[in-house]
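> one predicted model, sequence on top.
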Amino acid sequence: MNDMTLTKEQREARLEGMGCKRKRVEDIRFTQGKGQYVDDIKMPGMLFGDFVRSPYAHARVKKIDASRALALPGVIAVLTAEDLKGVNLAWMPTLAGDVQMVLADGKVLYQNQEVAFVVAEDRYIADDAIQLIDVEYEELPVLVDPFRSMDPDAPVLREDLAGKTTGAHGPRKHHNHIFTWDVGDKDLTDKAFREADVTIKELISYHRTHPSPLETCQCVAAMDKVKGELTLYGTFQAPHVIRTVASLLSTIPEHKIHVIAPDIGGGFGNKVGAYPGYICAIVASIVTGRPVKWVEDRMENLSTTSFARDYHMTTEIAARKDGTVTGLRVHVLADHGGFDACADPSKWPAGFFNIVTGSYDFPVAHLSVDGVYTNKAPGGVAYRCSFRVTEAAYCIERAMDILAQKLGMDPADLRMKNFIRRDQFPYQSALGWEYDSGDYHLAMQKAMDTLNYRALREEQKQKQEAFKRGETREIMGIGISFFTEIVGAGPSKNCDILGVAMFDSAEIRVHPTGSVISRMGTKSQGQGHETTWAQIIATEIGIPAENIMVEEGNTDTAPYGLGTYGSRSTPVAGAAIALAARKIRAKAQMIAAHMLEVSEYDLEWDVDGFQVKGNPQARKSMTEIAWAAYHAPPPGMEPGLEAVSYYDPPNMTYPFGAYFCVMDIDVDTGVARTRRFYALDDCGTRINPMIIEGQVHGGLTEAFAIAMGQEIRYDEAGNVMGASFMDFFLPTAVETPHWETDFTVTPSPHHPIGAKGVGESPNVGGVPAFSNAVNDAFAFLGSTHIQMPHDSWRLWKVAKELGATA
Ligand code: PCD
Ligand SMILES: [Cu+]
């Protein structure tokens, strides 16, 4: 349709392209309960698998007797490590270059570790059978405190590594040591500290927590022995990687493995890794010849599949009297639990933690990280973290506040003084990154103006006076966080997963009538890719988004890609989409030239078609061109209109933001009330402002949860204390503050549409804003650093310790 009766604006609006607050198309099925999740998949003859798990955090497994379980009608099989050894799958490789037991092989290293896998006719029988399996354990001394892990007399956790003095990331200095990672210039940094006017030093810990997607991890494995083909449905954030790993481990050829991630009910990094449940379901299906479903329950999820954080960061800043920072020194003790299953790109044992210089122009810095084993669950990178950037942002943002306090400077002013200036981009950081773009002063100023920051400080001062006079029992905190994110893993020169380079991909096929099907290597878990990817294509090739179907998650049809986590989809796949679309447009231009009998150089693009320069009446819409592409292409041109693009980004993207939290705390109850939370995000070009707002709301809610209460805690015996929603704080709309969002736009110079990621930013920036607000509130009573999480009980204790309550 060459609809020139519409104005240019009307034609543009009709596309619902980039920048449009397009309603999420996937929500039509989600809000009607018509999503297709793994648990909705029911196959004929399907069996159910469930785990026997260890009650102990550290114990020898002396004997497993399944005879009573096997006698129960409906129980088909019980797998143990001995059975898996037959197929060489008792252990599996982890993403961090370590190995992990699939089922307990001689011992267990954390509570709820997988010990045996029961396969039964239904879930209930499987569960009953679990109670009938007799496991004989011999308890071993438990190591919970990472600071004790390298004591000379610390128990030996990983007996399989006995005598190994090197690991995947270099030398090991103790039987519970995994790696040391060292970045930056130690000598120059030491010098900066020797010459500093002022220094600060603080142990800043980011406690262990866990993502909690609505849907837990699950899969259905179906081995067709006749065809020799394996179909694996699962909650996979990275379906292609799962297929490759499944092929390498099982030796089933990759083209005979069909991995399908249907709708996913939230991922948050929890669904990146490969878990024992997947392997056991596959083996069980091979053994029984029937499809096998495995579905985790909430306790299993919170206690086993991929914790987050657990970083203990000794942080030092050197500065001049005027507040100019001159050096940063950080040592991290990283608690990895029983196996190092941290989902970082292979070359990065501590992920991108070396973004810890943050938004500030540190001339020198030195970072070292020691990873250690403890009797806790493995995992390590998940929960809106973009590879340890959450920890890095918390570390530097807390430390800048501590420095401001020591200097008697306003924390906003200290930040302004030290920001990387706009004219310094692209900026080379002391720890090795090249920040692509930014305008920090502009964003910070906008935030301060919007909030009337100086007036808030004035109010705080008056409240403090009133508190001292005994006129109020409430204290007020203003938390500032100015974070720099690093997302878009990644350039294959420095990012790969077990050797698989971290590019991403898009395939776009325009049908003859001008509608489109497109497929990507990414996989939405709720982010809304079906909506936003179509918007990029709509703008690039002038076809309305509603005529563009987006399909992800089926490895048979989608081009190979590395999946969705670390806010990489927009920076990497988003670029592939734009470039594939541009290939289509280039071919369309040749076809249009033929149709209009002009040279293609005489044509110009106009919203949804090509027109002759200087004669806009002579034009062909994309719809007309699509028809011609198939049915009347220029002589000699191959028919059809489709393109594939694989994109290996030249650099990461560096979104940033200015977050402010205004909080009132009642010292007698420890109840903290967030009065205002203002979040300014700069993610470059904004594809869908409404989706961005939703992403920020979600990420801030998770940040609020983590900072103000969520924790996976262990007692001395290694019992996990936060493994149900009775104990693990999951905020509802009742507790969640009201969010105010704002933005600036600094496009990424190297990304085809200038977009940077945004999904992780609110968590990265949100946690320090909350924690700084709490710390800022108590600072005038004499505290320097209060450990998270800041639940009411702990805040009440702090107030008491500081003498603020009786
Ligand atoms: N500039 C811009 C950017 C972005 N965007 C949008 O937004 C979203 C997001 O993005 P990004 O940032 O790129 O991201 P991605 O990749 O897609 O995703 C991922 C993320 O995402 C977030 N968000 C979310 N949401 C939901 N709903 N769900 C979920 O699950 C989730 N998760 C989380 C996480 S955690 Mo990790 O995994 O830990 O690493 S990472 C993460 C999408 O839709 C897109 O398109 C726009 O619009 N614009
Ligand atoms: Cu992450």
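Alright, I've got the coordinates. Ligands and ions are numbered 1, 2, ... in the order given.
> for the residue in the stretch 201-350 of the chain positioned nearest to ligand 2, what are its contacts?
Ranked by Cβ to the ion, the top residue of the stretch 201-350 of the chain for proximity to ligand 2 is Gly269, at 4.5 Å. The C-beta positions use only the backbone N, C-alpha and C, and glycine is treated the same way. Gly269 makes contacts with Pro211, Gln237, Ser306, Ala308, Ala343, Val381, Ala382, Tyr383, Arg384, Cys385, Tyr565, Gly566, as judged by Cβ atoms under 8 Å, 6 or more residues apart in numbering.
> next up, the contacts around the second one.
Gln237 makes contacts with Ala261, Ile264, Gly267, Gly269, Lys271, Val272, Lys523, Gln525, Gly563, Thr564, Tyr565, as judged by Cβ under 8 Å, 6+ apart.
> do the same with the first one
Contact criterion Cβ under 8 Å, 6+ apart gives Gly266, Gly267, Phe268, Gly269, Asn270, Ser306, Ala308, Ala382, Tyr383, Arg384, Glu702 as the residues in contact with Pro211.
> tally up the residues packed near the second one, please.
This means Gly267. 27 (other Cβ atoms under 10 Å).
> what about it, which SS state?
coil (DSSP: H, G, I helix; E, B strand; the rest coil).
> now it: how far from Tyr233?
Distance of Gly267 to Tyr233, given as Cβ to Cβ, to the nearest Å: 15 Å.
> the strand or helix carrying Asp187: what's the following helix or strand?
Per DSSP states H and E: Asp187 is located in helix 186-194. Next in sequence after helix 186-194, counting helices and strands by DSSP H and E, comes strand 198-209.
> who does the helix or strand following that next one pair up with?
Using DSSP H and E, the helix or strand that follows strand 198-209 towards the C-terminus is strand 218-224. The pairing partners recorded for strand 218-224 under DSSP bridges are strand 229-234 (antiparallel), strand 292-295 (antiparallel).
> turn those strands into a markdown table, including mean pLDDT.
What follows is the strands paired with strand 218-224, written out as a markdown table (pLDDT from 0 to 100):
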| stretch | mean pLDDT |
| --- | --- |
| strand 229-234 | 98 |
| strand 292-295 | 98 |
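> minimum distance to Ala66: which of those strands has it?
Comparing these against Ala66 with Cβ to Cβ, the closest turns out to be strand 292-295 (16.9 Å).
> got the CA coordinates for the helix or strand just after the closest one in PDB?
Sequence order places helix 298-303 as the next helix or strand after strand 292-295, per DSSP H and E. Listed next in PDB are the C-alpha coordinates belonging to helix 298-303 (Å, rounded to 0.1, in the frame of the first residue of the first chain):
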ATOM      1  CA  ARG A 298      10.900 -22.800  45.800                       C
ATOM      2  CA  MET A 299      13.200 -24.200  48.500                       C
ATOM      3  CA  GLU A 300      15.300 -26.100  46.100                       C
ATOM      4  CA  ASN A 301      15.600 -22.900  44.000                       C
ATOM      5  CA  LEU A 302      16.500 -20.600  46.800                       C
ATOM      6  CA  SER A 303      19.000 -23.000  48.300                       C
END
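> off-centre distance for helix 298-303?
Here helix 298-303 is found 19 Å from its chain centre; the criterion is Cα atoms, centre = their mean, to the nearest Å.
> same question, stretch 483-492
The answer for stretch 483-492 is 11 Å, by Cα atoms, centre = their mean.
> what residues sit buried inside it?
If you call a residue buried by 16 or more other Cβ atoms under 10 Å, then stretch 483-492 has these buried ones: Phe483, Thr484, Glu485, Ile486, Val487, Gly488, Ala489, Gly490, Pro491.
> secondary structure and pLDDT for those residues - can I get that in CSV?
Shown next, in CSV, are the buried residues of stretch 483-492 (DSSP: H, G, I helix; E, B strand; the rest coil; pLDDT from 0 to 100):
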residue, secondary structure, pLDDT
Phe483, strand, 98
Thr484, strand, 98
Glu485, coil, 98
Ile486, coil, 97
Val487, strand, 97
Gly488, coil, 96
Ala489, coil, 94
Gly490, coil, 86
Pro491, coil, 94
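> out of those residues, flag the one nearest to ligand 1.
Here the nearest of these to ligand 1, counting by Cβ to the nearest ligand atom, is Val487; it sits at 6.6 Å.
> how about the closest one, what does it touch?
386, 389, 566-568, 571, 652-655, 756-757, 760.
> can we see that at 7 Å?
By Cβ atoms under 7 Å, 6 or more residues apart in numbering, the contact list for Val487 reads Ser386, Gly566, Ser567, Arg568, Pro571, Met652, Thr653, Pro655, Lys756, Gly757, Glu760.
> how about Val662?
Leu456, Ile478, Arg675, Arg676, Ala773.
> filter the residues you listed down to the ones in strands?
Ile478, Arg675, Arg676 (DSSP state E).
> okay, the longest helix anywhere in the chain in CSV with CA atoms only?
If you go by DSSP state H, the chain has its longest helix at helix 574-596. Output of helix 574-596 as CSV, limited to C-alpha atoms (Å, rounded to 0.1, in the frame of the first residue of the first chain):
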residue,chain,number,x,y,z
GLY,A,574,20.0,-5.3,19.1
ALA,A,575,22.9,-4.4,16.8
ALA,A,576,22.6,-7.6,14.8
ILE,A,577,18.9,-6.8,14.3
ALA,A,578,19.6,-3.3,13.0
LEU,A,579,22.4,-4.6,10.7
ALA,A,580,20.3,-7.5,9.3
ALA,A,581,17.5,-5.0,8.7
ARG,A,582,19.9,-2.7,6.8
LYS,A,583,20.9,-5.5,4.6
ILE,A,584,17.3,-5.9,3.7
ARG,A,585,16.9,-2.2,3.1
ALA,A,586,20.0,-2.2,0.8
LYS,A,587,18.5,-4.9,-1.4
ALA,A,588,15.1,-3.2,-1.3
GLN,A,589,16.8,-0.1,-2.6
MET,A,590,18.0,-2.0,-5.7
ILE,A,591,14.6,-3.4,-6.3
ALA,A,592,12.9,0.0,-5.9
ALA,A,593,15.4,1.5,-8.4
HIS,A,594,14.5,-1.2,-10.9
MET,A,595,10.7,-0.6,-10.3
LEU,A,596,11.0,3.2,-10.7
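> near ligand 1, anything from it?
No: using Cβ under 6 Å from any ligand atom, we find that helix 574-596 stays clear of ligand 1, coming within 6.7 Å at best.
> ok, residues contacting that helix?
With Cβ under 7 Å, 6+ apart, helix 574-596 has contacts from 504-508, 510, 520, 533, 536-537, 540-541, 599-600, 603, 610, 612, 618, 620, 622, 625, 628-629, 633-634, 637, 641, 643-647, 649, 751-753, 755.
> what pLDDT, on average, does that helix get?
In this model, helix 574-596 has a mean pLDDT of 98.
> can you pull the buried residues of it?
Here helix 574-596 shows 574-581, 583-585, 587-596 as buried, counting by 16+ other Cβ under 10 Å.
> please enumerate the strands of the stretch 401-550 of the chain.
Secondary structure of the stretch 401-550 of the chain (DSSP state E, counting those that start in this stretch): strands located at 427-428, 434-435, 474-484, 496-497, 500-501, 504-510, 516-520, 548-552.
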